[in-house]
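A.B. asks: structure of the sequence below:
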Amino acid sequence: MNLFVSLKYLVALDDHKHFGRAALACHVTQPALSNALRALEESYGTAIVKRGRSFAGFTEEGERVLASARRMLHEQELLQQELDSRSGSPCGNLLIGSVPTAMPIAARFVARLQALHPGIRPTLRSMSSVELEAGLESLALDLALGYSERLERSRAQLRLLPQYIEHYFLLQRHAETPGRSGIGLSIGAELGWQAAAALPLCLLSAEMHNRRIIDRAFADAGVPKVQAAIESNSTAALVSCVLAGQVSSVLPGALLGELQAYGPSTCGLQARPLVAPLVGVPIALMLHQGSRPSRTLEAALALAEDPAWLAEAAQHSGLLQGR
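C.D. replies: Model prediction:
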């Protein structure tokens, strides 16, 4: 039995919560993955996985093995990066998670990082705030981009690197007017949150922290309960609903800035700054406070604090330019 391979299979099972999907992620057959986990159980002399007709979680002993597996694999990755990297040239994997609304900035960050250090192989995943925090705590993630305000009520031992402020807009279709054809996303007049609440809206679903921010803004504007016409956990789906239907959406400027760059493909859409109240929410990169950073993470942290990068993030983060 190869211990590290078996531990990787165990971690994959925890990540995917399904034997078949875990096997696919590890590029092995499901019987091979199951046999390796059984061999691991025999080696430790205890049941690790709760088995039924499908994956049912881990035993109490299995949870302890899983936590140790993540630490061991993390240390192995640190060692491998030390051996593979040269001074000023970090090499290795870096797993970064981001809340969906911050994905355009996260994508810019990993692209800039990889351009500076071609030996770094970043993986970027869209995740909820709860998933980000759990991933950082368990060392499943190296770095996360999300809402720093959540940590004021959290006991998680995380370090924050402020990145930018998120601003909000109403995205809606507008009636075509002569001369507008092919212009793309336009910036309209300001709109109060209370007026926006009267429109049919498609919003992120309740488990997403961004939805709580939006609901709080509506409440501050005197609308304590807004019933969304459509809900989704995908920001791309919200934009598609606005394009295809008769609904509007509330989205951050970073996402709409990407739409604005697409030009004619977003023709017919208008973004209106939401005011009364004017909402600005801090977004930060987060990492586990107690973990020893890898060579790739050290490079990422250096970029995260670079004034040139912070200026770029601010430029693309939300204060849209009118057209």
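A.B. asks: for this structure, which residues score under the pLDDT cut-off?
C.D. replies: The model of the chain has pLDDT under 70 over residues 1, 152-156, 175-184, 262-267, 320-323.
A.B. asks: swap the cut-off to 50 and go again
C.D. replies: Applying pLDDT under 50 to the chain flags residues 177-181, 323.
A.B. asks: quick check: longest strand of it.
C.D. replies: In the chain, assigned by DSSP state E, the strand with the most residues is strand 158-173.
A.B. asks: can you name every helix or strand that whichever helix or strand comes after that one contacts?
C.D. replies: Next along the chain after strand 158-173, taking DSSP states H and E as the criterion, comes strand 186-187. Other elements packing on strand 186-187 under the criterion 3 or more Cβ pairs under 8 Å, 6 or more residues apart in numbering; DSSP states H and E are strand 269-275. For every residue, glycine as well, the C-beta is placed using N, CA and C.
A.B. asks: parallel or antiparallel, list what pairs with the following helix or strand past the strand it packs on.
C.D. replies: Toward the C-terminus, strand 269-275 is succeeded by strand 280-288 as the next helix or strand (DSSP H and E). Sheet pairing of strand 280-288 (DSSP bridges) gives strand 143-147 (antiparallel), strand 158-173 (antiparallel).
A.B. asks: okay, the ones you listed in CSV with distance to Val226 and mean neighbour count next?
C.D. replies: Below are the strands paired with strand 280-288 laid out as CSV (distance: least, Cβ to Cβ, whole Å; neighbours: other Cβ atoms under 10 Å):
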stretch, distance to Val226, mean neighbour count
strand 143-147, 20, 27
strand 158-173, 13, 20
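A.B. asks: Gln315 is nearest to which of those strands?
C.D. replies: Closest approach to Gln315 among the strands paired with strand 280-288 (Cβ to Cβ): strand 158-173, 9.2 Å.
A.B. asks: how far off centre is that closest one?
C.D. replies: Centroid separation between strand 158-173 and its chain, computed with Cα atoms, centre = their mean, to the nearest Å, is 12 Å.
A.B. asks: follow-up on the earlier one: show me the one of the strands paired with strand 280-288 that comes nearest Ala299.
C.D. replies: Nearest to Ala299, of the strands paired with strand 280-288 and by Cβ to Cβ, is strand 143-147 at 10.9 Å.
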